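S.K.: Dropping the sequence and predicted coords here.
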Amino acid sequence: MWKDKLKEIIYILENSNVNEIDLSFWGTRYRVVKNSGLALTASENNNSVPVVLDQSKDNAESFETSSSTDEENGEKILSPMPGTFYAAPSPEANPFVKKGDLVVEGDTLCIIEAMKIMNNIEAEQSGRIIKILVENGKSVEYNQPLFEIKPS
């Protein structure tokens, strides 16, 4: 189970702007560093066991992003992390935003769950929601478009 969590941590690190993650679980310290050989270290009682991970790009997925973010439909709001997209704070609640809603900078647009942590995704600018591009409860990838917004 902990190996799956480490794989998830490594995946998040590889697909983010973060260069290092340092965590401790049940007395074991995990440190994952990007751009320095991508070494993973697990230490218990001050003993370190480095594990070197393969950095080959052969299996890397490529994500297409629009070359022009200012299209006739508006600008895309991209996912800052991989995880599960939630349009509302709970299954019974109304969604944070709907198509046509006006949002102000700082308004919560959705939640992305990553590693059992709920991350509020906020509007970086004011505008009108033109499209919601992801279905509630679906997985999203880093830099995947979530919404289209027409800035005001």
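M.R.: Received the coordinates, thanks. Residues are numbered from 1 along each chain as shown.

S.K.: So this protein: which segments form each domain?
M.R.: 2-52, 75-151 (automatic domain parsing).

S.K.: Would you point to the one among those domains that's packed deepest?
M.R.: Among the domains of the chain, domain 75-151 has the highest mean neighbour count (mean count of other Cβ atoms under 10 Å), at a mean of 16. All C-beta atoms are positioned from the backbone trio N, CA, C, and that covers glycine.

S.K.: Span of it from start to end?
M.R.: 8 Å (Cα to Cα, to the nearest Å).

S.K.: do stretch 101-120 as well
M.R.: In stretch 101-120, first residue to last residue: 18 Å (Cα to Cα).

S.K.: Least confident of the domains of the chain, on average?
M.R.: Set side by side, those give their lowest mean pLDDT on domain 2-52, at a mean of 62.

S.K.: mind listing the helices for this structure?
M.R.: Counting by DSSP state H, the chain has these helices, from start to end: 2-14.

S.K.: Quick one: the strands in it, in order.
M.R.: Here the chain has its strands, by DSSP state E, at 20-25, 28-33, 39-44, 47-52, 75-78, 83-86, 102-103, 108-114, 117-122, 127-132, 139-140, 145-151.

S.K.: Which one of these lies nearest to Ile12?
M.R.: Nearest to Ile12 among the strands of the chain is strand 108-114 (6.4 Å), distances taken as Cβ to Cβ.

S.K.: Could you list everything the nearest residue to Asn120 once chain neighbours are set aside pairs with in the sheet?
M.R.: Once flanking residues are discounted, Asn120 sits nearest to Thr108: 4.8 Å by Cβ to Cβ, 6 or more residues apart in numbering. Beta bridges link Thr108 to Glu122 when assigned by DSSP bridges.
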